[in-house]
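Peer 1: Predicted model follows, preceded by the sequence.
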Amino acid sequence: MASISAATTHKVVKKTTAKAPPKSGILKSGTSAKLKSNGSAPALQRRGSVAPKLKAAELNHPDTLTKFLALPEVDQKDRIINEFLAHCFGERATFHEGIAKPHTASTTQSRGAAAADIAIAVKSLGPVVVLKRYGVLNEIEKTLLPDGIDDLAKGAVFGNGTGKGNNPGGGMRKIASTASLASMDSTNDLQSLSNMSIAGSSIVSDSKRGKSVPQNAREGALLLIRALCELGMKSIEPFVVPLLAAAMEECGSSSSAVREAAEDGAVAIISVTNPLAVSFLVIPVLFEALQSPEWRVKACALERLCQVAAHAPSRTSKLLPQIIPTVTSQIWDTKPQVTKAAIAAMRAVCETNDNPDIRPAIPAVVNAIAKPADTYKAVEELMATTFVATVDASTLSILCPILSRCLKEKNAVRKRSSCVVIENMSRLVDSPNAVAPFGPLLVPELKKVVENVQFEDIRDVALSALQALTKALGHSDIEAAVAAIMREEAEKAEREQKRIESNLEEEKIREEQDRLREEEERRQFKEAMEAQRLLDKLALEEEEAKKQKEMLKKEAQKVSTKSAAGKCQGCGLKKCKKTCLFYSG
């Protein structure tokens with residue numbers, strides 16, 4: 001028989017069971033599950049994938065849907081508003097499922113199921129009936145925009161506030177009239193794309209961000225927007241696209257469940273947007289979101305920009321002169337997540353350019369934008385390019401920043417390479433209007449190379465490039481081009497000066513109004529304090545008079561032979577006896 005002692009060792013075999021894959025549907029609140037790809041590829045974060053479709057809980061069966069459609073209109077509205085919408089916003093009916101199930105807690109999955117039920121009702125009854133006549137859209141706006149849809153026109157979203165930035169509320173004003181299609185509350189007109197705001201934290205609690213609506217309600221509203229987009233109906237677009245700004249703002253929420261719902265909602269909204277509407281309804285909102293103090297909102301906006309590039313490449317390519325400076329300013333953000341997203345967005349938008357000559361050099365150009373030290377590598381790639389296709393404004397917006405930076409380097413050989421590329425590029429410019437915005441960027445630097453570089457062959461190459469660029473700009477000679485550029489720069493500086501003076505004047509008026517209001521408040525406060533002091537003084541005087549009266553009464557009682565009841569203090573009778581000391585006859 002084997003003996004067991006203190007030196008005996010045992011080997012324990014631990015059985016491990018493989019975890020079942022997650023079921024399709026809504027993920028739990030606060031989760032960031034990973035979706036693994038086939039093979040040995042690295043796991044991808046859920047945020048970069050398409051969220052699974054929402055599944056209905058009540059109207060998912062044809063029989064229940066038929067019974068619902070057979071109800072009168074009043075009962076349909078009552079069930080949608082008081083049952084489905086209430087469940088979607090996190091309010092569970094006490095005895096909805098019968099007396100056996102008196103109450104169930106609201107979860108992300110139940111809110112998503114209720115949102116899918118409303119989406120099925122919209123598909124069956126029509127978006128105008130459910131969203132407008134039954135008031136579902138109004139409830140969504142109250143949840144996501146408590147102060148009203150007009151805040152979009154004022155720019156009071158993304159934490160920017162009213163009156164901040166180079167163009168306060170710039171992108172928001174673009175969607176005001178489109179929002180009126182959904183809310184019927186706004187009458188503002190669309191403005192031109194040239195007014196778009198393209199200027200360039202730690203997450204804080206929703207209460208500090210002014211969010212008083214419960215998180216469950218906001219998550220439910222975002223899930224409902226996503227469920228409506230998943231219907232794939234073109235008639236849904238005018239109702240959901242104006243809510244893109246609200247969905248983007250919720251990407252900065254302190255709740256992970258709300259953030260995930262907001263990101264999925266923004267993805268769904270862009271996926272149903274008509275490519276023709278991207279220029280005026282989506283890009284301005286993304287530009288405004290890039291001014292948000294919340295880094296998560298910026299990162300989500302850059303990710304959505306990648307989605308827009310894939311969804312509407314031709315429209316994105318035409319907007320490259322506005323997009324590239326905006327995204328470039330985000331590359332130097334302090335948050336590495338924003339920097340990474342900005343580089344990915346830059347690559348995505350640049351690849352929408354349809355010029356086949358520069359397509360092989362786009363990775364090197366994007367890398368040079370992110371890493372200035374690699375600028376010459378990108379110029380070398382462009383040196384090996386033979387320009388055959390017509391060069392338009394989008395192509396120039398990609399190349400000119402790199403070429404201008406290369407012209408500013410100290411190495412004369414690198415300046416020569418940049419001049420060669422500029423000359424080859426300028427010969428194929430399609431119109432002077434395409435190159436006009438980039439003239440102030442290249443002409444002064446080329447003129448410096450012509451005048452200051454000591455090597456004659458490099459000066460000749462620079463002069464040839466300057467002449468080609470001048471011809472592309474539509475000027476007869478170099479002096480005329482320089483004079484025109486200087487005149488444009490002077491006009492631009494004058495406009496900027498007027499804008500600054502106007503802002504300063506508005507700031508002075510606002511400060512004066514604040515001063516007057518503060519003085520009025522101080523005057524009212526002083527009057528109130530003086531009145532209170534007088535009231536306190538009167539009350540004190542009354543108290544002193546009362547105390548004095550009581551004291552005099554007590555003194556009189558001490559001197560008097562009669563008590564307060566009228567009895568003698570010696571014999572205790574009202575009429576003293578003859579034997580009493582106080583008898584007065």
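Peer 2: Received, thanks. Numbers count the residues shown, from 1 in each chain.

Peer 1: Could you use CA atoms for every contact and neighbour count after this?
Peer 2: Fine.

Peer 1: buried ones in stretch 459-479?
Peer 2: 459, 461-473, 475, 478 (16 or more other C-alpha atoms under 10 Å).

Peer 1: so what's the backbone phi/psi at V391?
Peer 2: V391 adopts backbone torsions of phi -100, psi 120, taken as degrees, to the nearest 10.

Peer 1: Please name the bridge partners of it.
Peer 2: V429 (DSSP bridges).

Peer 1: Show me what the longest helix belonging to the chain is packed up against.
Peer 2: Selection of the longest helix in the chain by residue count, based on DSSP state H, yields helix 478-559. Judged by 3 or more C-alpha pairs under 8 Å, 6 or more residues apart in numbering; DSSP states H and E, the packing partners of helix 478-559 are helix 439-452, helix 456-472.

Peer 1: Let's have those helices in JSON lines, adding distance to K537 and mean pLDDT.
Peer 2: Below are the helices and strands packed on helix 478-559 laid out as JSON lines (distance: least, C-alpha to C-alpha, whole Å; pLDDT from 0 to 100):
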{"stretch": "helix 439-452", "distance to K537": "75", "mean pLDDT": "84"}
{"stretch": "helix 456-472", "distance to K537": "85", "mean pLDDT": "86"}
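
Peer 1: Nearest to K554 among those would be which one?
Peer 2: Closest approach to K554 among the helices and strands packed on helix 478-559 is made by helix 439-452 (99.0 Å; C-alpha to C-alpha).

Peer 1: Pull out the buried positions in the closest one.
Peer 2: Using 16+ other C-alpha under 10 Å as the test for burial, helix 439-452 gives 439-447, 449-450.

Peer 1: mind exporting that helix as CSV, just the C-alpha atoms?
Peer 2: The C-alpha trace of helix 439-452 is given here as CSV (Å, rounded to 0.1, in the frame of the first residue of the first chain):
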residue,chain,number,x,y,z
GLY,A,439,-0.7,80.2,-55.7
PRO,A,440,0.1,82.1,-52.4
LEU,A,441,1.5,78.8,-51.1
LEU,A,442,4.0,78.2,-54.0
VAL,A,443,4.7,81.4,-55.8
PRO,A,444,6.5,83.3,-52.9
GLU,A,445,8.7,80.2,-52.1
LEU,A,446,9.6,79.7,-55.8
LYS,A,447,10.5,83.4,-56.0
LYS,A,448,12.8,83.0,-53.0
VAL,A,449,14.6,80.1,-54.6
VAL,A,450,15.0,82.1,-57.8
GLU,A,451,16.5,85.1,-56.0
ASN,A,452,18.5,83.4,-53.1
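
Peer 1: Not counting it itself, show me its contacts.
Peer 2: Helix 439-452 is contacted from outside by 400-401, 403-404, 407-408, 415, 419, 458-460, 462-463, 465-466, 469, 473, 482, 485, 489, using C-alpha atoms under 8 Å, 6 or more residues apart in numbering.

Peer 1: ok, 10 Å please
Peer 2: 400-401, 403-408, 412, 415-416, 418-419, 422, 432, 455-456, 458-467, 469-470, 472-473, 478, 481-482, 484-486, 488-489 (C-alpha atoms under 10 Å, 6 or more residues apart in numbering).

Peer 1: Can I get the helices and strands packed on helix 478-559 in JSON lines including distance to V379?
Peer 2: Output for those, formatted as JSON lines (distance: least, C-alpha to C-alpha, whole Å):
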{"stretch": "helix 439-452", "distance to V379": "15"}
{"stretch": "helix 456-472", "distance to V379": "15"}
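
Peer 1: Ok, which of the ones you listed comes nearest E519?
Peer 2: helix 439-452 (49.3 Å).

Peer 1: and the angle for the closest one with helix 478-559?
Peer 2: Per axes from the mean of the first three to the mean of the last three C-alpha atoms, to 10 degrees, the angle that helix 439-452 makes with helix 478-559 is 120 degrees.

Peer 1: How far off centre is helix 439-452?
Peer 2: Centre-to-centre, helix 439-452 and its host chain are 40 Å apart (C-alpha atoms, centre = their mean, to the nearest Å).

Peer 1: now stretch 409-418
Peer 2: For stretch 409-418 - counting by C-alpha atoms, centre = their mean - the centre lies 42 Å from the chain centre.

Peer 1: How about stretch 510-525?
Peer 2: Using C-alpha atoms, centre = their mean, the offset of stretch 510-525 from its chain centre is 33 Å.

Peer 1: Please export the C-alpha coordinates of that stretch as CSV.
Peer 2: Extracted C-alpha coordinates of stretch 510-525, given in CSV (Å, rounded to 0.1, in the frame of the first residue of the first chain):
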residue,chain,number,x,y,z
ARG,A,510,-21.4,91.8,-25.0
GLU,A,511,-19.1,92.9,-22.2
GLU,A,512,-21.0,96.2,-21.9
GLN,A,513,-24.2,94.4,-21.7
ASP,A,514,-22.8,92.0,-19.1
ARG,A,515,-21.5,95.0,-17.1
LEU,A,516,-24.8,96.8,-17.2
ARG,A,517,-26.6,93.6,-16.2
GLU,A,518,-24.1,93.1,-13.4
GLU,A,519,-24.6,96.7,-12.2
GLU,A,520,-28.3,96.2,-12.3
GLU,A,521,-28.0,93.0,-10.4
ARG,A,522,-25.8,94.7,-7.9
ARG,A,523,-28.2,97.6,-7.5
GLN,A,524,-31.1,95.3,-7.0
PHE,A,525,-29.1,93.3,-4.5
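
Peer 1: who touches that stretch?
Peer 2: Counting by C-alpha under 10 Å, 6+ apart, 504-509, 526-531 sit against stretch 510-525.

Peer 1: Could you pick out the buried ones from those?
Peer 2: Using 16+ other C-alpha under 10 Å, nothing in these comes out buried.

Peer 1: Just name the closest of those residues to N274, please.
Peer 2: Nearest member of the contacts of stretch 510-525 to N274, counting by C-alpha to C-alpha, is E506, at 38.7 Å.

Peer 1: dump the residue contacts of the closest one.
Peer 2: Contacts of E506 by C-alpha under 10 Å, 6+ apart are 500, 512.

Peer 1: my hunch is that G474 is in a helix, does that hold up?
Peer 2: No: using DSSP: H, G, I helix; E, B strand; the rest coil, the secondary structure at G474 is coil, not a helix.

Peer 1: Give me the helices and strands touching the helix or strand encompassing T66, please.
Peer 2: In the assignment (DSSP states H and E), T66 maps to helix 62-70. For helix 62-70, the packing partners by 3 or more C-alpha pairs under 10 Å, 6 or more residues apart in numbering; DSSP states H and E come out as helix 73-79, helix 108-125.

Peer 1: And the helix or strand where M346 lies, how far out from the chain middle?
Peer 2: For M346, the host element (DSSP H and E) is helix 336-350. Per C-alpha atoms, centre = their mean, the displacement of helix 336-350 from the mean C-alpha position of its chain is 18 Å.
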